[in-house]
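> this one's structure only:
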Ligand code: ME8
């Protein structure tokens, strides 16, 4: 019986369209699943959507729809995207499915029967964006979310608690006995110190929230969304519904998550399972973030790239290749369109594409398309030895989830074979019958290397690998090659290559930018795509940083144009406690007389500066809109006193 391998992606929130981050995690999970299948494992790849909780409920209200309608829309987009980018998942769980209720209730009932659930009341700060509790603080002192830095909200209500505190030693023991339970190493250490610093019991139910699964023994409460969502990993594999399947695939081999949600997976989740007497996962891997100019890409920051647009412009194969090759798995990485173009032109079009097209062209021209048996040429054995070494290295790297290194191994072989061809000058020796065996060797070595390359790249870029396979004249699926026994062979001898169109076109940066704009305009995720074209990359600041800015309400007393400056107005404003002169570049949008008597917002503690010889003591706050950056002054709908501070 083959070994089983169960791997999961997180369940993505449905408050917004699919984002690049989740697309990345899922591409990695799919690549691992494909690799393991080719290594002979019986694989289950799980993905899903996280559809309950306050965040979704709120967003639905904002969009004037029900939470389920919103979930339906976004879930459909995920399925569409997974298909477009070649995700071969075996299981998909929506947390609003009936079968999932049953497994959440089962896990809870078992944990409660074992004495790990009690009723109490919760008071504290909560981050709706992360659906996470902030550390203790009194109601008068708002705290920023320790994970994302956003403001939290106070809530106080009756709640059921999970006795997380009872699991500190057992969790530490689990980490110690299974050093690869949390990966990578650095994150493991962070989690260990977090647990060592003490665990507080966790509120696992909400009474003021309605959008969730009701507790079986107190339906006025719904489950905390993380208790609900994490349990979907069990639902997907037959917990409560298919015991045979469940015992075959559980415990899960790898939960793949971003580092932002490692704590939920490496601390809360194993504790819930231990409490219910269910085996803990074998490992949790917390990968790094895609950044935009050194800041995390996230839906709420509006600096994410729309994966639909990227797929439309670059195609799924290039996207997969870029994401897997560029990011050292586990570390953060800046996302850059220029880097995708570079990878496309150099690695794919130039190195791999050229190797295939020149090999196919030479075989057709010199040997009527048939792969000859090898003779002897300069560098033959070196190519064969390198191939053997790189097959082994690639396997070790993929076993270790080191995808960028694994792909580097393949490209090392591609470069070497390209060089080997050039060194042997086949176009020159083709004219000499005495050199026929040498030419045979070059053609055979190039073709056989490509067969190996096709198998090695199949988990990462499956469509390309299959095309390569077919162009070489091989039948069936490249995925049927057992990677565990892949070695240099004579399989191709006598085969007739088929050839075909070139694998990857070269990309022109200007054309790419044009296509990005068109695709962003047409795509259903147009709003997100617009953000992608105009990303907000302001770095996060703390509340303390923000409190340094003294924003005040003021009334405009005087306004006039500044001679010789088309855009500038000189204003005198009343701050309540003093009057100020401020110069503002708003003359294109406002007539001076229309401003007198108007309430405005000013930055009151900006250093004074001189413009056109006049001192400006502050700055008027305005939005800038449209391609011309037209200013629109900030104002209020209610009456506000001069001098009132904005916080
Ligand atoms: O957290 N770079 O869902 P989510 C890399 N519903 N990966 C990123 C990323 C970035 N900039 N941004 C997001 C949730 N991700 C919960 C999960 S699981 C029981 C519940 C990826 O839609 C990364 O995998 O916010 C991260 O863990 C996930 O998206 C968060 O997706």
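Arrived safely, thanks for sending. Source: prediction; values computed, not measured.

> contacting residues for the closest residue to the ligand within the chain?
Nearest residue of the chain to the ligand (C-beta to the nearest ligand atom) works out as residue 21 at 2.2 Å. No exception for glycine: its C-beta is placed from N, CA and C like everyone else's. Residue 21 makes contact with 258, 289, 290, 297, 298, 304, according to C-beta atoms under 8 Å, 6 or more residues apart in numbering.

> ok, and the most crowded of the residues you listed?
residue 304 (28 neighbours; other C-beta atoms under 10 Å).

> Surely it is within a helix?
No. Per DSSP: H, G, I helix; E, B strand; the rest coil, residue 304 lies outside any helix segment and is coil.

> rewinding a little: tell me which of the contacts of residue 21 is nearest to residue 17?
For these, the minimum distance to residue 17 (C-beta to C-beta) is 9.3 Å, reached by residue 304.

> The closest one reaches residue 295, doesn't it?
No. If you go by C-beta atoms under 8 Å, residue 304 and residue 295 don't touch, sitting 11.2 Å apart.

> Remind me which helix or strand the residue of the chain closest to the ligand belongs to.
Using DSSP states H and E, residue 21 sits within helix 20-38.

> Around the ligand, which positions in the protein sit nearby?
Taking C-beta under 6 Å from any ligand atom, the part of the chain that reaches the ligand is made up of 10-13, 21-22, 24-25, 50, 229-230, 257-258, 260-261, 289-290, 296-298.

> any low-confidence regions in this structure?
Along the chain, segments meeting pLDDT under 70 span 1-2, 299-302, 523-540, 626-629.

> Mind doing that once more with 50?
524-537 (pLDDT under 50).

> From residue 95, how far off is the residue lying farthest from the centre of it?
Most distant residue from the mean C-alpha position of the chain: residue 434, 56.6 Å away (C-alpha atoms, centre = their mean). Distance check for residue 434 against residue 95: by C-beta to C-beta, to the nearest Å, it reads 72 Å.

> So if we follow the domain assignment, how does the protein break up?
Under automatic domain parsing, the residue ranges defining each domain of the chain are 346-485, 541-647.

> and the end-to-end length of the first one?
This points to domain 346-485. End-to-end distance of domain 346-485 (C-alpha to C-alpha, to the nearest Å): 30 Å.

> what separates that domain from the chain centre, distance-wise?
How far domain 346-485 lies from its chain's middle: 32 Å, per C-alpha atoms, centre = their mean, to the nearest Å.

> that older thread, show me the residues of the chain next to the ligand that map onto helices.
21, 22, 24, 25, 229, 230 (DSSP state H).

> and the third one, how many neighbours does it have?
Read it as residue 24. Residue 24 is flanked by 25 other residues according to other C-beta under 10 Å.

> who's in contact with it?
287, 290, 323, 327 are the contacts of residue 24 under C-beta under 8 Å, 6+ apart.

> Excluding covalently adjacent residues, which one is nearest to residue 426?
Once flanking residues are discounted, residue 426 sits nearest to residue 442: 5.0 Å by C-beta to C-beta, 6 or more residues apart in numbering.

> which residues does that neighbour contact?
Residue 442 sits next to 362, 377, 420, 421, 424, 426 when contact means C-beta under 8 Å, 6+ apart.

> what's near enough to touch the second one?
Contact criterion C-beta under 8 Å, 6+ apart gives 420, 424, 438, 439, 441, 442, 445 as the residues in contact with residue 377.

> helix/strand/coil for it?
Here residue 377 is coil, with the state taken from three-state DSSP.

> Quick check: it vs residue 412, distance?
20 Å.

> which stretches of the stretch 501-647 of the chain form strands?
Using DSSP state E, counting those that start in this stretch, the strands found in the stretch 501-647 of the chain span residues 551-561, 569-574, 579-584, 599-603, 609-611, 614-616, 619-620, 622-625, 630-633, 645-646.

> Including mean neighbour count and distance to residue 522, could the ones you listed go into a markdown table?
Shown next, in a markdown table, are these (neighbours: other C-beta atoms under 10 Å; distance: least, C-beta to C-beta, whole Å):
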| stretch | mean neighbour count | distance to residue 522 |
| --- | --- | --- |
| strand 551-561 | 19 | 40 |
| strand 569-574 | 22 | 41 |
| strand 579-584 | 20 | 39 |
| strand 599-603 | 20 | 38 |
| strand 609-611 | 11 | 44 |
| strand 614-616 | 16 | 44 |
| strand 619-620 | 21 | 38 |
| strand 622-625 | 13 | 23 |
| strand 630-633 | 16 | 27 |
| strand 645-646 | 12 | 39 |
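
> what's the burial count for residue 279?
Counted with other C-beta under 10 Å, residue 279 comes out at 12.

> Let me fix that, I meant to ask about residue 643.
Residues near residue 643, counting by other C-beta under 10 Å, number 15.

> just to revisit the earlier point, can you say which of the strands of the stretch 501-647 of the chain is nearest to residue 485?
strand 622-625 (62.4 Å).

> Return the subset of the residues of the chain next to the ligand lying in strands.
Of the residues of the chain next to the ligand, the ones assigned to strands by DSSP state E are 10, 11, 12, 13, 50, 257, 258, 290, 296.

> Is it correct that the fifth one is in contact with residue 231?
No. In this structure, residue 50 is not within contact of residue 231 by C-beta under 8 Å, at 11.1 Å.

> Residue 570 versus residue 586, what's the distance?
From residue 586 to residue 570 the distance is 11 Å (C-beta to C-beta).

> any idea how far residue 360 is from the residue nearest in space to the middle of the chain?
Nearest to the mean C-alpha position of the chain, counting by C-alpha atoms, centre = their mean, stands residue 21 at 1.3 Å. Distance of residue 21 to residue 360, computed by C-beta to C-beta: 38 Å.

> so the residue nearest to residue 426 is in which element?
Secondary-structure element containing residue 442, defined by DSSP H and E: helix 436-457.

> now the helices: where do they sit in the stretch 101-250 of the chain?
Taking DSSP state H, counting those that start in this stretch, the helices of the stretch 101-250 of the chain run over residues 168-177, 185-196, 225-235, 243-249.

> List the buried residues of the last one.
Buried residues in helix 243-249, counted by 16 or more other C-beta atoms under 10 Å: 246, 249.

> again, but for stretch 132-146
132, 133, 134, 143, 144, 145.

> Equivalent analysis for stretch 250-263, please.
Buried-residue list, stretch 250-263, by 16+ other C-beta under 10 Å: 250, 252-263.

> wait, which of those is closest to residue 163?
Distance ranking of the buried residues of stretch 250-263 against residue 163, using C-beta to C-beta, places residue 263 first at 17.6 Å.

> That closest one against residue 193, yeah?
No. Residue 263 is beyond contact range of residue 193, at 11.6 Å (criterion: C-beta under 8 Å).

> can you tell me which residues contact the closest residue to residue 566 other than its chain neighbours?
Spatially, and ignoring its direct neighbours in sequence, residue 566 is nearest to residue 587 (6.4 Å; C-beta to C-beta, 6+ apart). Contact analysis of residue 587 by C-beta under 8 Å, 6+ apart lists 561, 565, 566, 567, 568, 569.

> Kindly list the main-chain dihedrals of residue 587?
According to degrees, to the nearest 10, the main-chain angles of residue 587 amount to phi -60, psi -30.

> thinking again about what came up before, which two from the contacts of residue 587 end up farthest apart in space?
Greatest spatial distance in the contacts of residue 587: 566 and 569, 10.6 Å, computed using C-beta to C-beta.
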